[in-house]
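# Predicted model and sequence below, questions to follow.
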Protein chains: 2
Amino acid sequence: MILMVKRIAIITVGLVIWFSPHPVEISDPAWQLFAIFVTTIFAVITGAFNILVASIFGMVTAVLTGTLIPSTAFSGFSNDIVLLIVMAFLIAKAVVKSGLGKRIALLIIRKYGRTSLGLGYSLIATDMIIAPAFPSNTARSGLLFPIIYSISIENGSNPDDGSERKLGSFLMFTSMFGIGLSSAMWLTAMAANPAGAEIAKAYGVDIGFGTWILASAFPTIIAAVIIPWVIYKIYPPDIKLTPEAPVLASTELKKMGKMGRDEIITASVFVMLVVFWGLSDIIDINKTIIAFLGFGLLLATKVFRVKDIKKEGEALSTMIWFSILYIMSSQLNEMKFMDYIGNILANQIETFPTMVAFIILVFVYVLLHYLFVSQTAHMLALLGVFLGAGKSVGIDPTPLALMLLFATNYFSAITPQGSSCNILYISSGYITPNDVYRIGAILTFTCFAIYMIFGIPWISLVL
Amino acid sequence: MILMVKRIAIITVGLVIWFSPHPVEISDPAWQLFAIFVTTIFAVITGAFNILVASIFGMVTAVLTGTLIPSTAFSGFSNDIVLLIVMAFLIAKAVVKSGLGKRIALLIIRKYGRTSLGLGYSLIATDMIIAPAFPSNTARSGLLFPIIYSISIENGSNPDDGSERKLGSFLMFTSMFGIGLSSAMWLTAMAANPAGAEIAKAYGVDIGFGTWILASAFPTIIAAVIIPWVIYKIYPPDIKLTPEAPVLASTELKKMGKMGRDEIITASVFVMLVVFWGLSDIIDINKTIIAFLGFGLLLATKVFRVKDIKKEGEALSTMIWFSILYIMSSQLNEMKFMDYIGNILANQIETFPTMVAFIILVFVYVLLHYLFVSQTAHMLALLGVFLGAGKSVGIDPTPLALMLLFATNYFSAITPQGSSCNILYISSGYITPNDVYRIGAILTFTCFAIYMIFGIPWISLVL
């Protein structure tokens, strides 16, 4: 009954937006797509529809109303980031199945497994260390995810039996959000960072590898310390202390003995992925094809069997909703809807004092990520507009550019679809899309506060 | 060990083709893609690699060698026929889960269930009757498949417990091949038929709805009588006689009672699909979007639950291999490889007497379907070339056009990927891709003989 009321309310809201008068600068299809996209997101947040159902209805509405043509609506399915996620998902299952995931998980538990929070920190630390050599945050999620999945399983936390909150949900969320932080840490930890630095050049800001790490280190380390603790408090694992875990892990490792055939093959594939994903921007090789190759090798060697895929329908379901949301958002951007919003803001900001304008600009930049399904697309659409607006009211462009670029990374988990690097974590079943809307928002705005309070003075001190 | 030998042999064959000198008229990428595609198909036929693994390696090779760019290689994933199959697969599972499939299956068993062969004929007859109103053979497979699936399950034949050959494999193959026959029966039973009739016009052949059915009826009915019997002999079901089945079905139907909520919803969605798929060419509505809508409604009403998709990874696996083969074949066509082959033949044919030339033309036309993953693409690429070749040696274009157009339908199951309407049947697990290569070839050439022997005299008699 309540569900029915929610659904009627959501559809009503959608119709009201659809038929509302809209600025002449926004075309009819752009406005209609905005109405559909916002309604889809509301439907997920309010729980009126599951994210898969909401996305399907969103796409169907867009096509039947002529807002999008079918081929555009379907084009997300062949997007290479979408396919990379599907492959990473299947490879992760092979890592677990082969026993390799268990072994790495036990090694980590043996070292950091005394407390759940300690495990969380160890995951973020690992990510931070490998990040500068890994310009794809999605690929990085593909490497971290199977290990976290194995750690959770080893600790008896499994969504299949309803025990996901025992430990896995906490670790998954910590690592998912942590990828945003490790990406903010290094210029080379996310594809959009160097592109953003390039855009900032036009506004007289010069950001190299050194400048970036100098500016980011202090606020990012503070965030990396605070965020896992906040997650631990507001999204706590049922298991908190496991003083016996390292000992048990040690025993278990002894029992496992030497690496078996499947483990060795999987480890080789894993190393191949690390090497080629890491090098992919230097030798210009498509990351998704490397993932297909890795998965093909695991299948050909029967580490993962064709019949094992039968149970992995979750990957298909994730592929469907992510493809749809991805296309809606990128079309909204293509139809200049985002440009328009950015320009409106740029005009409004002139009436405020410099410092207030600075805060508003960064805040609105973060807020607008609710409408984006790609960090890079967001940055490309809005960074220039926001830097221009800041310049026009006399804000120093260097700290502004850095604050916007850091935000481009830490706002990744403000929504489930906010970054392709969230998708593996969510499709695991440990985190629901609704959890992300709730916890993700709190964490994103906590980061906003941390970066603004600690970052701005720090930057003026060191640069 | 044998597997390893097979694999090395297949890769060697691929390398030999790749490095063989090729005609100057064929570009290097076209030749390379041909080598990859043929090797992929050989790998499946010989069992060196499973169809999924072979396809993945094929695509990886094509991209890493620069034969295809990644975005082209991936573009099959957003093809609307591919997505239609995925949706039809999931809807079929909902039809079964809701109980509607069981009810329809019991009604059919009650009427025709005395023998397995009788069931096979009843399926083909049903298909023949609905076909003229259904210009999409893929959509038709989406309607027939869940019913056949339910009939098999009701008879205790299920691939999950290894009992697929008991009855299901026979019925699936009969219906899969039967779609080719029902499509050959009516001008309006397959999308490529009217397009082919249009192409034939340029060669002075006028084929309307009446001419088509007049010409096709006799050979098609003979084929529809013989083919199920051949399948029954060479791919026999374990259950042959089930005299008690109609009685049991009747009892079971009484036990089921009235239609429940889920059944009524599913039946409504099913009727919606029938109506819109049937009308889709008149009111210009995308069939795939209708399928998404139907599936969305089944999810929103919880007839099929989001968590049920978890077990449907088979749809993903099918989607991957079919998308890849589809793109390889269509690129081969786009690169004018098929044109070249057709023209070679047209030049060779001149040395033969008319009747022999006629037979060779149709035979080669059928044979070339090994290289195509779409009946429509095949017809568009080759029908004109073959009609032209026939004309140049004085073959009457009307019977030749009809024989080629009928072949365009009945050769659909010569390979697993030969038509999108095979895919549901194969992804069900009742039929393996290798079965299709073996049995499909026998049946296709049986049909070739039937149509040539009975069709040509019949056409000269009635037209």
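Nice, I can see it.
# Now do the same contact list for the nearest residue to residue A:56 once chain neighbours are set aside.
Spatially, and ignoring its direct neighbours in sequence, residue A:56 is nearest to residue B:296 (4.0 Å; Cβ to Cβ, 6 or more residues apart in numbering or on different chains). Bear in mind the C-beta positions are built from the backbone N, C-alpha and C, glycine included. Contacts for residue B:296 were tallied using Cβ atoms under 8 Å, 6 or more residues apart in numbering or on different chains; they are A:53, A:56, A:57, A:60.
# repeat for residue A:272
Going by Cβ under 8 Å, 6+ apart, residue A:272 touches A:290, A:293, A:294.
# go with 7 Å
Residue A:272 makes contacts with residue A:294, as judged by Cβ atoms under 7 Å, 6 or more residues apart in numbering or on different chains.
# go on, residue A:80?
So residue A:80 contacts A:286, A:288, B:70, B:74 (Cβ under 7 Å, 6+ apart).
# any idea how far residue A:288 is from it?
The gap separating residue A:80 from residue A:288 is 4 Å, by Cβ to Cβ, to the nearest Å.
# same question, residue A:389
Note on residue A:389: its distance to residue A:288, by Cβ to Cβ, is 36 Å.
# quick one on the thing from earlier: Serialize the contacts of residue B:296 to TSV and add fields for pLDDT.
Output for the contacts of residue B:296, formatted as TSV (pLDDT from 0 to 100):
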residue	pLDDT
A:53	96
A:56	97
A:57	97
A:60	97
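# Looking at those, which are in strands?
Per DSSP state E, strands hold no members of these.
# Which entries within these meet the buried criterion?
A:53, A:56, A:57, A:60 (16 or more other Cβ atoms under 10 Å in any protein chain shown).
# Hmm, residue B:292 and the second one touching each other?
If I follow you right, that is residue A:56. Yes - counting by Cβ atoms under 7 Å, residue A:56 does reach residue B:292; the two are 5.4 Å apart.
# Give me the contacts around the host helix or strand of residue A:409.
For residue A:409, the host element (DSSP states H and E) is helix A:397-410. For helix A:397-410, contacts defined as Cβ under 7 Å, 6+ apart pick out A:180-181, A:183-184, A:190, A:192-193, A:196, A:200, A:203-205, A:207, A:215-216, A:358, A:361-362, A:365-366, A:375, A:378-379, A:383, A:386-387, A:390-391, A:444, A:447, A:451-452, A:455-456, A:459-460, A:463.
# Next, find the distance separating the residue nearest to residue A:155 when sequence neighbours are not counted from residue A:247.
In space, and not counting its chain neighbours, residue A:155 is closest to residue A:167: 4.7 Å by Cβ to Cβ, 6+ apart. With distances taken as Cβ to Cβ, residue A:167 is found 17 Å from residue A:247.
# out of the two, which sits in the more crowded spot?
A count of neighbours by other Cβ atoms under 10 Å in any protein chain shown puts residue A:167 above the other of residue A:167 and residue A:247, at 27 against 14.
# helices or strands next to the lowest-mean-pLDDT helix or strand in chain A in the packing?
Between all helices and strands in chain A, the lowest mean by mean pLDDT, DSSP states H and E belongs to helix A:337-348, at a mean of 82. Applying 3 or more Cβ pairs under 7 Å, 6 or more residues apart in numbering or on different chains; DSSP states H and E, we find helix A:337-348 packed against helix A:375-392.
# how far does the helix it packs on sit from the chain's center?
With Cα atoms, centre = their mean, to the nearest Å as the basis, helix A:375-392 stands 20 Å off its chain's centre.
# Between helix A:397-410 and it, find me the angle.
For helix A:375-392 against helix A:397-410, the angle by axes from the mean of the first three to the mean of the last three Cα atoms, to 10 degrees is 160 degrees.
# so who does residue A:91 touch?
So residue A:91 contacts A:142, A:291, A:294, A:295, A:298 (Cβ under 7 Å, 6+ apart).
# what helix or strand does the fourth one sit in?
In this case it means residue A:295. helix A:287-300.
# Which is the succeeding secondary structure element to that helix?
helix A:313-334.
# would you put the C-alpha positions of that next one in PDB?
The C-alpha trace of helix A:313-334 is given here as PDB (Å, rounded to 0.1, in the frame of the first residue of the first chain):
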ATOM      1  CA  GLY A 313      23.200 -12.900 -13.400                       C
ATOM      2  CA  GLU A 314      23.900 -10.000 -11.100                       C
ATOM      3  CA  ALA A 315      26.500  -8.800 -13.600                       C
ATOM      4  CA  LEU A 316      23.800  -8.600 -16.200                       C
ATOM      5  CA  SER A 317      21.400  -6.700 -13.900                       C
ATOM      6  CA  THR A 318      24.100  -4.300 -13.000                       C
ATOM      7  CA  MET A 319      25.100  -3.900 -16.700                       C
ATOM      8  CA  ILE A 320      21.500  -3.000 -17.500                       C
ATOM      9  CA  TRP A 321      20.900  -0.200 -14.900                       C
ATOM     10  CA  PHE A 322      24.400   1.300 -15.200                       C
ATOM     11  CA  SER A 323      24.200   1.400 -19.000                       C
ATOM     12  CA  ILE A 324      20.900   3.200 -18.900                       C
ATOM     13  CA  LEU A 325      21.800   5.800 -16.300                       C
ATOM     14  CA  TYR A 326      25.100   6.400 -18.000                       C
ATOM     15  CA  ILE A 327      23.500   7.200 -21.300                       C
ATOM     16  CA  MET A 328      20.800   9.400 -19.700                       C
ATOM     17  CA  SER A 329      23.400  11.500 -17.900                       C
ATOM     18  CA  SER A 330      25.700  11.700 -20.900                       C
ATOM     19  CA  GLN A 331      22.800  12.700 -23.200                       C
ATOM     20  CA  LEU A 332      21.700  15.300 -20.700                       C
ATOM     21  CA  ASN A 333      25.200  16.700 -20.900                       C
ATOM     22  CA  GLU A 334      25.300  16.400 -24.700                       C
END
